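In: Return a 3D structure for these sequence lines:
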Amino acid sequence: MAEDKSKRGSIGMSLKGGQTNNGFVQNEDIRERDPNPEDRQQHNAVDMLGPGDPDLKDIRPYAGMPKEVLFQFSGQARYRVPREVLFWLTVASVLALIAATISIIAISPKCLDWWQAGPMYQIYPRSFKDSDKDGNGDLKGIQDKLDYLTTLNIKTVWITSFYKSSLKDFRYGVEDFREIDPIFGTMKDFENLVAAIHDKGLKLIIDFIPNHTSDKHAWFLSRTRTGKYTDYYIWHDCTQEDGITIPPNNWLSVYGNSSWHFDEIRNQCYFHQFLKEQPDLNFRNPDVQEEIKEIIQFWLSKGVDGFSFDAVQFLLEAKHLRDETQVNKTQIPATITHYSELYHDFTTTQVGMHDIVRSFRQMMDQYSREPGRYRFMGTEAQGESIAGTMMYYGLPFIQEADFPFNSYFGQLDTPSGDSVAEVILSWMENMPEGKWPNWMTGGPDNARLTSRLGEEYVNVMNMLIFTLPGTPITYYGEEIGMNILATSLNETYDADTLLSKSPMQWDNSSNAGFSEGSHTWLPTGSDYHTVNVDVQKTQPRSALKLYQELSLLHANELLLSRGWFCYLRNDNYSVVYTRELNGIDRVLLMVLNFGESSLLNLKEVISNIPTRVRIRLSTNSVYTGREVDTHAISVDRGEGLILEYNTKNLLHQQAAFRDRCFISNRACYSSVFNILYSLC
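Out: Numbering: from 1, shown residues only. Here you go, the predicted structure:
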């Protein structure tokens, strides 16, 4: 009897577990009435089925099913097949997602780096902003004006030489490459400036002058014929007759006269490509190269994002001392004193010079390994031919500069459509495939844009550099059209070059808001009451307002940052070109006039252009948003138009324009996925 009771209790527990327990164990002594005795018998039968004799045709799954029975149900086709289908669908989905991700990465064009994504702004620090009332701009002054730079949508701040230097040659005769000149502040000021620039999301590049030092540099002061610095400079024997030096050859300084200067301490002549106070370093000495690399490392460790390497074509000279060839072979040799009177085949761009530049690139690459911290490298080689300039991009598998700085617009003295087109096409046609262009309208060694071309060309030149492919570079003050006229200066330098460094015009207060001191190192422009940042911020048709609109358009318009450049036509007055991109059925067409007022028929240039197109942006803001008839577009002197129209017939796909269209990195746009891809 006790055995039967125990058995009934066990069956009761099974029933309770199968029907209402849901995983909770109840006391064996609790008894409940079963409303359906037949179901109880069925469940009990299921509980007692052995693994060898399953009979589940009439049994339905229920909560709390024992695992032995669950295994029997899970093996049925109606449960097994959906489970296997879902499993393989999941596997296939994961593999498809991985394949899609790999494919997108493989076909995506390389992202634009920070030095490609937005404009650079070049600052001559002595003239930007004075923070301590001594009449000289300084590093703190630059930091105080960073908010202004962000309103220009600037991405990169470029600061020219601020090293401890003499006043000679605008501080390009460096006395100590690891020190800040006291006129600009302290190393702490520089570190604070770097941190502030990075906090604003900007990048910083600085000038570096590897070719020479000041004659006050410690290396040159230790110029005896013994010791570590014996061969840090270029020395040769020369003779003195009646106090007059007879140099080893006819090589000339850039500033004129012999490039050899007699040193009484060493009793030899040293070589200088520039001023006699700037002796050239001997880059054939490995110790000199190592010293320069250590200096580069020093500034990179300070957080600098890149360098502009200045005057690199002068790094090496020929080992021999043969005379350079005269331009005018009939000229009496003794009368040759100007640099332009010789061909400089032995003192510039010598074999091995590019190897030195590549070693600088290697230093940049070592510090670019940290994600997001690419170090930019630019080279300045003013005066080179276009073919020589392109050599600084490097070879197909050996990189040098990210780009050599393009200063050819800064050399234009007379505006015309022909001369502007010549600069554009000479660069685009000669630039190596896949490289990145850049455009600048001025700099510290050129007269101001307004002084060279006239104030009516400020807006159209800014529109030009922002709508061409590549990186636009602005020299401080060009965004407001600063114009410093020649004046009487007690300086030996060329007046135009000197006045390009005049103080920035911030407002109409004393000294144009540049300094609160009683004087400034150079005079401010006489028109600073009307040509300054504060005034132009409030004028809807000012040069500054247009500059801001152009920089914003450049930042947000894919056609300008990625698109094809197609040159259409030019004449003595105007230049016409388009920007377009595969996948975008929209074209930006630029019409820029550098001469007299003229009437253009764009239908003659682009047969399928719509009869009426919209003005996306104009140098004259009242025209922006209007429509114009493409049969007769009128453009005044110095006027620029950015026209916009829709079309599926892109010019770079047409045989007639194929030789006149250029792109740095191929990219196509997918409107379906909103991505760029390179399989065009």
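
In: for the stretch 101-250 of the chain, which spans come out with low pLDDT?
Out: 167, 169, 171 (pLDDT under 70).

In: Walking through it, point out its strands one by one.
Out: 120-123, 156-159, 163-165, 174-180, 203-208, 235-236, 239-241, 244-246 (DSSP state E, counting those that start in this stretch).

In: cool, the stretch 501-650 of the chain as well?
Out: Using DSSP E, counting those that start in this stretch, strands in the stretch 501-650 of the chain cover 564-570, 574-580, 586-593, 598-600, 612-618, 627-629, 633-635, 640-646.

In: Mind putting those strands into CSV with mean neighbour count and mean pLDDT?
Out: Backbone N, C-alpha and C define where each C-beta goes, glycine included. As requested, these are exported to CSV (neighbours: other CB atoms under 10 Å; pLDDT from 0 to 100):
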stretch, mean neighbour count, mean pLDDT
strand 564-570, 21, 95
strand 574-580, 25, 97
strand 586-593, 24, 97
strand 598-600, 16, 93
strand 612-618, 18, 97
strand 627-629, 16, 95
strand 633-635, 20, 94
strand 640-646, 22, 97
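
In: With distance to T330 added, can I get those strands in CSV?
Out: Formatted as CSV, the strands of the stretch 501-650 of the chain follow (distance: least, CB to CB, whole Å):
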stretch, distance to T330
strand 564-570, 39
strand 574-580, 41
strand 586-593, 44
strand 598-600, 45
strand 612-618, 54
strand 627-629, 57
strand 633-635, 48
strand 640-646, 47
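
In: Tell me how this structure divides into domains.
Out: For the chain, the structural domains run 67-107, 117-211+283-316+351-554, 215-280+317-348, 565-677, going by the TED database.

In: For R60, which of the ones you listed is the nearest?
Out: Closest to R60 of these, according to CB to CB: domain 67-107, at 9.3 Å.

In: check contacts around the nearest residue to L617 once chain neighbours are set aside.
Out: Leaving aside its chain neighbours, L617 sits nearest to I642 (4.4 Å; criterion: CB to CB, 6 or more residues apart in numbering). Residues in contact with I642 (CB atoms under 8 Å, 6 or more residues apart in numbering) are 463, 467, 553, 588-590, 615-618.

In: Let's have the residues you listed in a markdown table, adding distance to S416.
Out: Below are the contacts of I642 laid out as a markdown table (distance: CB to CB, whole Å):
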| residue | distance to S416 |
| --- | --- |
| M463 | 16 |
| T467 | 18 |
| L553 | 26 |
| L588 | 23 |
| L589 | 20 |
| M590 | 16 |
| I615 | 24 |
| R616 | 25 |
| L617 | 23 |
| S618 | 21 |
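
In: L89: which of those residues is nearest?
Out: The closest of the contacts of I642 to L89 turns out to be L588 (CB to CB; 46.1 Å).

In: what about the closest one, distance to M463?
Out: Per CB to CB, to the nearest Å, L588 is found 11 Å from M463.

In: number of nearby residues for the residue lying closest to S518 once chain neighbours are set aside?
Out: If the residues on either side of it in the chain are set aside, S518 comes closest to G135, at 7.6 Å by CB to CB, 6+ apart. G135 has 19 neighbouring residues, counting by other CB atoms under 10 Å.

In: List the residues that contact G135.
Out: Counted by CB under 8 Å, 6+ apart, G135 has contacts 515, 517-521.

In: Any figure for the gap between R562 and G201?
Out: R562 is 21 Å from G201, where distance means CB to CB.

In: low-confidence ranges in this structure?
Out: Counting by pLDDT under 70, the chain contains low-confidence ranges at 1-59, 61, 167, 169, 171, 485-496.

In: Can you tell me the centre-most residue of it?
Out: Residue closest to the average C-alpha location in the chain (CA atoms, centre = their mean): W115, at 1.2 Å.

In: Please name the nearest non-neighbouring residue to it.
Out: Counting by CB to CB, 6+ apart, W115 lies nearest to F376, which is 4.6 Å off, once chain neighbours are set aside.

In: and the end-to-end length of stretch 104-112?
Out: 16 Å (CA to CA, to the nearest Å).

In: chain center to it, what's the gap?
Out: Remark: stretch 104-112 is offset 18 Å from the chain centroid, using CA atoms, centre = their mean, to the nearest Å.

In: Enumerate the positions of it that are buried.
Out: Using 16 or more other CB atoms under 10 Å as the test for burial, stretch 104-112 gives 109, 112.

In: In contact with the residue lying closest to M440 once chain neighbours are set aside, which residues?
Out: Distance criterion CB to CB, 6+ apart; nearest residue to M440, sequence neighbours excluded, is I473 at 3.8 Å. In this structure, I473 makes contact with 119-122, 158, 405, 438-440, 465, judged by CB under 8 Å, 6+ apart.

In: thinking again about what came up before, nearest to D418 among the contacts of I642?
Out: Using CB to CB, these come closest to D418 at M590, 16.3 Å.

In: Just confirm L602 contacts D629, I think it does.
Out: No - the criterion here is CB atoms under 8 Å, and L602 misses it with D629 at 9.3 Å.

In: R562 and G201: who's more crowded?
Out: Set R562 next to G201 and count neighbours by other CB under 10 Å: R562 wins out with 23 against 9.

In: who are the neighbours in contact with the residue lying closest to the more buried one once chain neighbours are set aside?
Out: In space, and not counting its chain neighbours, R562 is closest to A667: 4.8 Å by CB to CB, 6+ apart. Residues in contact with A667 (CB under 8 Å, 6+ apart) are 109, 562, 581-582, 676-678, 680.

In: Please repeat the previous calculation with a cut-off of 10 Å.
Out: Going by CB atoms under 10 Å, 6 or more residues apart in numbering, A667 touches 108-110, 112, 558, 561-564, 581-583, 676-678, 680.

In: do Q240 as well
Out: Neighbours of Q240 in contact, by CB under 10 Å, 6+ apart: 246, 262, 264, 267, 269.

In: cutoff 8 Å now
Out: Contacts of Q240 (CB under 8 Å, 6+ apart): 246, 262.

In: quick one: it and N267, what's the gap?
Out: 9 Å.

In: can you check L522 too?
Out: Plainly put, L522 is 40 Å away from N267 if you go by CB to CB.

In: Between those two, point out the one with more neighbours.
Out: More crowded of L522 and N267, by other CB under 10 Å: L522, with 20 against 12.

In: residue contacts, that one?
Out: 127, 489, 498-499, 501-503.

In: go on, D181?
Out: Per CB under 8 Å, 6+ apart, neighbours of D181: 162-165, 171.

In: Between the residues you listed, which sits nearest R658?
Out: F162 (47.2 Å).

In: which residue sits closest to the closest one, ignoring its sequence neighbours?
Out: F184 (4.7 Å).

In: tell me, how many neighbours does the one you found end up with?
Out: 25.

In: mind checking how far it is from Q313?
Out: 28 Å.

In: Same question for N674.
Out: To Q313, N674 is 45 Å away according to CB to CB.

In: mind listing what R614 touches?
Out: 625-627, 643-645.

In: Return the member of these nearest to Y233.
Out: Comparing these against Y233 with CB to CB places L643 closest, at 57.2 Å.

In: and the angle from the helix or strand hosting I292 to strand 174-180?
Out: Here I292 sits within helix 286-301, counting by DSSP states H and E. Inter-element angle recorded for helix 286-301 and strand 174-180: 30 degrees (by axes from the mean of the first three to the mean of the last three CA atoms, to 10 degrees).
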